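Colleague: Take a look and give me a structure for this.
(one chain, ligands or ions: 2)
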Amino acid sequence: ILDNLTPVGLDPILSLSAACRADTRPHKVDLGIGVYRDSHGETPVMVAIKMAEARLLEQQSSKSYVGMGGNESFNESMIGLLLGNSKAAARTAAIQTPGASGALRMLADVIKLSSPDATVWLSDPSYANHAPIMKTAGLKVRFYPYFDPATKLVNTAAMLDALRQAGKNDVVLLHGSCHNPTGADIDLETWKNVTTLAVSQGFLPFVDMAYQGFGDGMEEDAAGLRYLVERVESMVIATSCSKNFGLYRERTGAAMVVGKTLEQAQAVKSRIMESARGTYTMPPDHGAALVDMILRDEALRANWMTEVTTVRKRVQALRGLLADALREQSGTNDWDFITRHKGMFSVLGITPEQAQAMRHDHAIYLVDSGRINVAGMREAQAEQVAKALLAVVQ
Ligand code: PLP
Ligand code: TYF
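Modeller: Numbers count the residues shown, from 1 in each chain. Ligands and ions are numbered 1, 2, ... in the order given. Below you'll find the predicted structure:
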């Protein structure tokens, strides 16, 4: 039965990291995979996580199963983190999932179950796994214009124009903040315009929030989502604790359903649990237990918020250093857009060939799409990255 399969290539982003690790040039720089690195080039366990882990080690008395919905206390905490004081929180149900990836798939499954012909609209470009996850769930995928190569910002007019064609059988996926891969976010006015369209055209908004706190702040990054959620009848949300809690490998995230009523949200949640049962059954516990402990403990929460602020400020500072180096070396302001991008990523608008030349000729690893992870660079490497970039675009 297994005779019909030929090997397939690995995930291009993950293979890029492996290629960088194998590169023996001492000056190599890994701007590929979206993982935060500190000024020592490491991805440390956050201090609040270490403290929560110590407490958990002491307090945990059983490793017995938790249940299909995961940790319900965590689910409630995550609704609070994303929706704040929004009234819509009262008609929201959440389920713990293996990362935002698990949430994306579970939500795609219930969309497919409820509306088999639904189309999911993704930004062009979007997170590399969005289309595969939606397609694997059997959904159709379409793209709306998003990134403007001329300004390196969002082409808001083109985006809204396209979304005017989305209707009741459509799902529109939006990045909550810190757009992956481009770094170009929509502003609050555009969130408002998308909200108006969702209400008038009846499409289902689907927000993927993978970097809350990495853009302008924990509350600020949720402002668009919170505007939207109060005004639409229903929507779905996928969220991740991989980046803002540094829990990557613990696979911690949640899927949320905002219904017309709490009963409707809970009914959809029961269908998600049915889908989870037929997929992985139950999510891993460890990461969710830590996140819940941190969000419910004032001191741990304050400690965590401080660390996220440090990370955000450092990435902003790195953007400044890179833009400064590019301005000085090129004698132009052409690269200033880097400081206007949010989160860890920036799409630089270079060609795949130029991205490959960065790797081959300069030992600087970035995705072929021209995306860099700004946090992959150390402060002292900004000049080197700028020099290589200007050399390949010449
Ligand atoms: N969504 C976006 C936009 C992402 O950038 C990522 C990347 O890690 C994910 C989802 C998946 O996150 P997780 O590690 O929680 O599955
Ligand atoms: O876009 C990124 O780099 C992160 C990490 O299959 C990632 O979101 C990359 C590839 C992948 C899963 C996660």
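
Colleague: how far out from the middle of the chain is stretch 268-280?
Modeller: 22 Å (C-alpha atoms, centre = their mean, to the nearest Å).

Colleague: in that stretch, what counts as buried?
Modeller: Using 16 or more other C-beta atoms under 10 Å as the test for burial, stretch 268-280 gives 268-269, 271-273, 275-276. Where C-beta positions appear, they are placed from N, C-alpha and C, glycine not excepted.

Colleague: okay, that stretch in PDB with CA atoms only?
Modeller: Output in PDB follows, covering the C-alpha atoms of stretch 268-280 (Å, rounded to 0.1, in the frame of the first residue of the first chain):
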ATOM      1  CA  VAL A 268     -19.300  25.000  17.200                       C
ATOM      2  CA  LYS A 269     -16.700  24.300  19.900                       C
ATOM      3  CA  SER A 270     -18.300  20.800  20.400                       C
ATOM      4  CA  ARG A 271     -17.800  20.300  16.600                       C
ATOM      5  CA  ILE A 272     -14.100  21.400  16.900                       C
ATOM      6  CA  MET A 273     -13.700  18.900  19.700                       C
ATOM      7  CA  GLU A 274     -15.200  16.200  17.500                       C
ATOM      8  CA  SER A 275     -12.700  17.100  14.800                       C
ATOM      9  CA  ALA A 276      -9.800  17.100  17.400                       C
ATOM     10  CA  ARG A 277     -11.000  13.600  18.400                       C
ATOM     11  CA  GLY A 278     -10.700  12.400  14.900                       C
ATOM     12  CA  THR A 279      -7.200  14.100  14.500                       C
ATOM     13  CA  TYR A 280      -5.000  14.200  17.600                       C
END
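
Colleague: residues near the residue in the stretch 251-394 of the chain positioned nearest to ligand 2, how many?
Modeller: The stretch 251-394 of the chain approaches ligand 2 most closely through residue 373 (6.8 Å), counting by C-beta to the nearest ligand atom. Neighbours of residue 373 under the rule other C-beta atoms under 10 Å: 26.

Colleague: what sits opposite it in the beta ladder?
Modeller: Note on residue 373: beta-bridge partners by DSSP bridges are residue 345.

Colleague: about what we covered before: out of the buried residues of stretch 268-280, flag the one nearest to residue 22.
Modeller: Distances from residue 22 to the buried residues of stretch 268-280, taken as C-beta to C-beta, are shortest for residue 276 (36.9 Å).

Colleague: Pull the contacting residues for that closest one.
Modeller: Shown in contact with residue 276 (C-beta atoms under 8 Å, 6 or more residues apart in numbering): 68, 95, 97, 106, 282-283.

Colleague: Do stretch 29-42 and ligand 2 come into contact?
Modeller: Yes: Stretch 29-42 reaches ligand 2 (C-beta under 6 Å from any ligand atom) through 33-34.

Colleague: And the helix or strand encompassing residue 299, what does it pack against?
Modeller: Residue 299 is part of helix 298-330 when elements are defined by DSSP states H and E. Applying 3 or more C-beta pairs under 8 Å, 6 or more residues apart in numbering; DSSP states H and E, one finds that helix 298-330 contacts helix 47-59, helix 286-296, helix 382-393.

Colleague: Of all these, which one comes closest to ligand 1?
Modeller: Comparing the helices and strands packed on helix 298-330 by their distance to ligand 1 (C-beta to the nearest ligand atom), the top pick is helix 286-296, with 9.7 Å.

Colleague: For the chain, which residues are neighbours of ligand 1?
Modeller: 34, 99-101, 127, 175, 180, 208, 210, 240, 242, 253.

Colleague: Report the two of those separated the most.
Modeller: Greatest spatial distance among the residues of the chain next to ligand 1 (C-beta to C-beta): 99 and 175, at 15.7 Å.

Colleague: what's near enough to touch the nearest residue to residue 284 once chain neighbours are set aside?
Modeller: Sequence neighbours aside, residue 251 is the residue nearest to residue 284 in space, at 5.5 Å (criterion: C-beta to C-beta, 6 or more residues apart in numbering). Under the criterion of C-beta under 8 Å, 6+ apart, the contact list for residue 251 reads 98-99, 101-102, 283-284, 287.

Colleague: Which secondary structure state does whichever residue of the chain sits closest to ligand 2 sit in?
Modeller: Taking C-beta to the nearest ligand atom, ligand 2 has its nearest neighbour within the chain at residue 34, 3.0 Å off. At residue 34 the chain is in coil, as set by DSSP: H, G, I helix; E, B strand; the rest coil.

Colleague: list the contacts for it?
Modeller: For residue 34, the contact set (C-beta under 8 Å, 6+ apart) comprises 13, 180, 243, 344-345, 373.

Colleague: TSV for those, including pLDDT?
Modeller: Output for the contacts of residue 34, formatted as TSV (pLDDT from 0 to 100):
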residue	pLDDT
13	92
180	98
243	98
344	97
345	98
373	98
